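Trainee: Sequence and predicted structure are below.
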Amino acid sequence: MYAIITDGGHQYKVEEGQELAIDFREVSAGDQLTFDKVLAISNGSGDLKLGTPMVEGASVLAEVVGAEKGEKLVVQKLRRRKNSRRKTGHRSMHTRVKIAKISS
């Protein structure tokens, strides 16, 4: 059984027991999150429900595992022949969740 959800401008295909990194939220480990914006849901036997745009009454329940940092992005600015170089980096925060239940 899987579902396609949307959160923070991204779409994710999720299954029960799967761990997922979503955009950072101020929640502590062990809290429950509910994703109500379900675009499609399938029970695995070929039965697929597509929403227009969302599936009515469907939700995905997830448990927060914790916060983590993403991989580092390196930003370099170079102006040729000016002896001007800048190198900076950036690591964005993510919240790791584990999908507990998919209900339709």
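Mentor: In hand now; what should we look at? Residues are numbered from 1 along each chain as shown.
Trainee: Give the bridge partners for the residue lying closest to Leu48 once chain neighbours are set aside, please.
Mentor: Distances taken as Cβ to Cβ, 6 or more residues apart in numbering put Ser42 closest to Leu48, at 4.6 Å, once the chain neighbours are dropped. Just so you know, the C-beta spots here come from the backbone N, C-alpha and C atoms, and that holds for glycine as well. Partner residues in beta bridges with Ser42, using DSSP bridges, are Tyr2, Leu48.
Trainee: show me the contacts for Ser42.
Mentor: Taking Cβ atoms under 8 Å, 6 or more residues apart in numbering, we find Ser42 in contact with Met1, Tyr2, Ala3, Leu48, Lys49.
Trainee: can you map out the strands along this protein?
Mentor: Remark: strands assigned in the chain by DSSP state E are 2-7, 10-15, 19-23, 32-35, 38-42, 48-50, 59-69, 73-79, 84-90, 93-103.
Trainee: Can you list the buried residues in stretch 86-99?
Mentor: By neighbour count on 16 or more other Cβ atoms under 10 Å, the buried set for stretch 86-99 is His94, Thr95, Val97, Ile99.
Trainee: and the first one, what are its bridge partners?
Mentor: This means His94. Asp23, Glu68.
Trainee: cool, and Arg85?
Mentor: Following DSSP bridges, Arg85 is listed with bridge partners Leu78.
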